[in-house]
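> got a sequence here, can you model it:
(2 chains)
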Amino acid sequence: MINLKLPINTPKTRLTEQTILTLLNSHCNTLSKLTQIHAFILKTGLQNNPLILTKFTSTSSNLNSIHYATSFLFPPSHTTSTPTPSYDAFLFNTLIRAYSQTRDSKSNSFLFYRTMLRYGVTPNKFTFPFVLKGCAGIGSLRLGKCVHGCVVKFGFEEDVHVLNTLIHMYCCLGEDGFEFAEKVFDDSPKMDTVTWSAMIAGFVRLGCSSRAVDLFREMQVMGVCPDEITMVSVLSACADLGALELGKWVESYVEKKNIPKSVELCNALIDMFAKCGNVDKAIKLFRQMDSRTIVSWTSVIAGLAMHGRGLDAVSLFDEMVENGITPDDVAFIGVLSACSHSGLVDKGRYYFGSMERNFSIVPKVEHYGCMVDLLCRGGFVKEAFEFVQKMPFEPNQIIWRTIITACHATGELKLGESISKELIKSEPMHESNYVLLSNIYAKLRQWEKKTKVREMMDMRGMKKVPGSTMIEVNNEMYEFVAGDKSHDQYKEIYEMVDEMGREIKKAGYVPTTSQVLLDIDEEDKEDALYRHSEKLAIAFALLNTPPGTSIRIVKNLRVCEDCHSATKFISKVYNREIVVRDRNRFHHFKNGLCSCRDFW
DNA sequence: GTAGGGTTAG
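The predicted model follows:
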């Protein structure tokens, strides 16, 4: 209980006001203390004091206390025997800001902006950045445009803070919103570091990382200095592209320009190195950090998971817990996927169980998804199926696709067929559902049915996402698709591919033609395999990089069985370490072996 | 009392 003794002989109201403000400054970190202070405020009759109202709102840092503060400000009508308090813009701004900073209640920002107008309070220049930040989390373009209209109506369309948040908000509203972000950006009368950062981050969020990098270069040409926040987004873009050389350049740029290495920047560096194939460097940076957050730990754990270093990931997770860091739901996704990629079925079961038992974290659908994947890859397809039927959620599309992939791999083709058909019914515009069904028919050698699936896709105007491989050579990113002839060097590349084929065959490579899901003869199948984008990229790398150096490539889909086998031989015959990032994980090929131990 | 950033199952 808070002990309050009021000194004698002081003007009572003034003194009480100060006491409450002091209390709010020092005792506001939990809901129960806030409740006690509230009781005290009611006792003193100061519940309408504007200073106290604002302080009470601004000190409510977690969601429960914000809700509590709200119910204090806007009590249910039957309890309002006291006169209506005097609300001002400052008070509303405080409340709107509090909600804009929450994870799941951002929409209340807009709600209280409306309440503000209803109470006849005019928004000021601080109001809109908060409201717009809230709107960014709601995801409605219509609402966003409506608030944009309000910005204009109240005459804040030239305020640089407002403009920057406007760009940010539109960037959070998907492709449709993005057009408006670009328009605001292009028309901006004042552009500062934040304006550019917001737009660069927007490109990354939309998955247009190379355009984000282009914009960063443009920013430099325009003479605007990037800061640590800009660099975080640029590093995200590098991570997404798998552009290690560019990422390293960013790291040295940060050093050279003395850009402060915030925790977030270090986390972004860790993530970049892990996603660009150098997880050891990520660990090194992590160990050098003075202070780490849960995100730092999770980034390394997820990085190790991606590289198939499950045991390292698990021991880092344990080390984190031993260090008194409470894992959150994201950290569990990291450790569970680590178990999954390394076949650590029992460990995965243990961590899943410990979520609620030891940390009171209720597993979300993603965690169940990890478990399904873990069981499927571990060969327990039947158990995975039972697990899905018992789980407290409706399984989502991702979970069904995991099971179908497992059915394909383990030969449970009839089961895979029936689930795929159901999936197509429920989600007819998702092309990968058709691809899965078509692959199953290919494995069953039912060419007619397979053709029908493809026809169905054509009829609905859908196309299979083409496989593509990216490679960074001399700080440039090159992209290859199957059968690509757009490159200047294409003749040499195809000659190299032929040579590679001859050399690895001598070493014992046998093409895995069953993977080619077309009804064509074996020789043509072999030809189709040689045109795969990853083989073209590797040939390109062999031609354009010094002997003995490692080759890093990034594939947009999962690496196919034949390319996996061929790459093992190439690594041996040409004495190259080849690091392949596919859609799900990394493969480190060295001396004829792969780090995934053919388990992926 | 204002804006932009880091980890997330296949």
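> just name the shakiest helix or strand of chain A by mean pLDDT.
helix A:522-530 (a mean of 68; mean pLDDT, DSSP states H and E).
> show me what the helix or strand just after it packs onto, helices and strands only.
Where DSSP states H and E defines the elements, the next helix or strand beyond helix A:522-530 is helix A:533-544. If you count contacts as 3 or more Cβ pairs under 8 Å, 6 or more residues apart in numbering; DSSP states H and E, helix A:533-544 packs onto strand A:468-473, strand A:476-481, helix A:490-506, strand A:551-555, helix A:561-573. Glycine gets a C-beta too; all of them are placed from N, C-alpha and C.
> what about the residue in the stretch 451-600 of chain A that DNA strand B sits nearest to, neighbour count?
Nearest residue of the stretch 451-600 of chain A to DNA strand B: residue A:584, at 4.8 Å (Cβ to the nearest atom of the strand). If you count neighbours by other Cβ atoms under 10 Å, residue A:584 ends up with 14.
> and the residue lying closest to it once chain neighbours are set aside, its phi and psi?
Nearest residue to residue A:584 in three dimensions, chain neighbours excluded: residue A:558, at 6.2 Å (Cβ to Cβ, 6 or more residues apart in numbering). Main-chain dihedrals, residue A:558, degrees, to the nearest 10: phi -70, psi 140.
> state whether residue A:66 is indeed within a strand.
No - applying DSSP: H, G, I helix; E, B strand; the rest coil, one finds residue A:66 to be helix, outside a strand.
> returning to that earlier point: let me have the helices and strands packed on helix A:533-544 in a markdown table, extended by distance to DNA strand B and mean pLDDT.
Below are the helices and strands packed on helix A:533-544 laid out as a markdown table (distance: least, Cβ to the nearest atom of the strand, whole Å; pLDDT from 0 to 100):
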| stretch | distance to DNA strand B | mean pLDDT |
| --- | --- | --- |
| strand A:468-473 | 17 | 93 |
| strand A:476-481 | 19 | 91 |
| helix A:490-506 | 28 | 94 |
| strand A:551-555 | 14 | 95 |
| helix A:561-573 | 15 | 94 |
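> can you tell me which of these is most buried?
Highest mean neighbour count among the helices and strands packed on helix A:533-544 (mean count of other Cβ atoms under 10 Å): strand A:551-555, with a mean of 25.
> so is residue A:103 in a helix, a strand, or just coil?
Put simply, residue A:103 is coil when judged by three-state DSSP.
> same question, residue A:46
Here residue A:46 is coil, with the state taken from three-state DSSP.
> for it, what are its contacts?
Applying Cβ atoms under 8 Å, 6 or more residues apart in numbering to residue A:46 gives the contacts A:13, A:16, A:17, A:20, A:52.
> quick one: it and DNA strand B, what's the gap?
21 Å (Cβ to the nearest atom of the strand, to the nearest Å).
> quick one, grab the pLDDT at that residue.
pLDDT, residue A:46: 83.
> now it: how far from residue A:276?
Counting by Cβ to Cβ, to the nearest Å, the separation of residue A:46 from residue A:276 is 58 Å.
> what's the answer for residue A:36, then?
52 Å.
> which one of the two has more residues nearby?
Legend: neighbour count by other Cβ under 10 Å for residue A:36 and residue A:276, higher for residue A:276 (28 against 16).
> which residue, neighbours along the chain excluded, lies closest to that one?
Using Cβ to Cβ, 6+ apart, the closest residue to residue A:276 is residue A:244 (3.8 Å).
> what about that neighbour, how many residues nearby?
For residue A:244, using other Cβ under 10 Å, the count is 21.
> so who does it touch?
A:238, A:273, A:276, A:277, A:278, A:472, A:552.
> please apply the same query to residue A:464.
A:431, A:434, A:435, A:457.
> now with 6 Å?
Contacts here follow Cβ atoms under 6 Å, 6 or more residues apart in numbering; on that basis residue A:464 touches residue A:435.
> so who does residue A:285 touch?
By Cβ under 6 Å, 6+ apart, the neighbours of residue A:285 are A:269, A:270.
> and it, how far is that from DNA strand B?
13 Å.
> and that residue, what's its pLDDT?
So, for residue A:285, pLDDT stands at 98.
> neighbours of the closest residue to residue A:194 other than its chain neighbours, how many?
Closest residue to residue A:194 apart from its sequence neighbours, by Cβ to Cβ, 6+ apart: residue A:164 at 4.6 Å. The number of residues packed near residue A:164 is 25, by other Cβ under 10 Å.
> report the contact partners of residue A:164.
A:194, A:195, A:198.
> for the stretch 51-200 of chain A, what spans make up the strands?
When assigned using DSSP state E, counting those that start in this stretch, the stretch 51-200 of chain A turns out to have no strands.
> low pLDDT regions in it?
Scanning the stretch 51-200 of chain A for pLDDT under 70 picks out A:77-85.
> write out the residues of it neighbouring DNA strand B.
A:89-90, A:93-94, A:97, A:124-127, A:129-130, A:133, A:136, A:159-162, A:164-165, A:168, A:192-195, A:197-198 (Cβ under 7 Å from any atom of the strand).
> quick check: ChimeraX command selecting the buried ones in those.
Only the buried entries of those go into this ChimeraX selection, using 16 or more other Cβ atoms under 10 Å:
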select /A:89,90,93,94,97,126,127,129,130,133,136,159,162,164,165,168,194,195,197,198
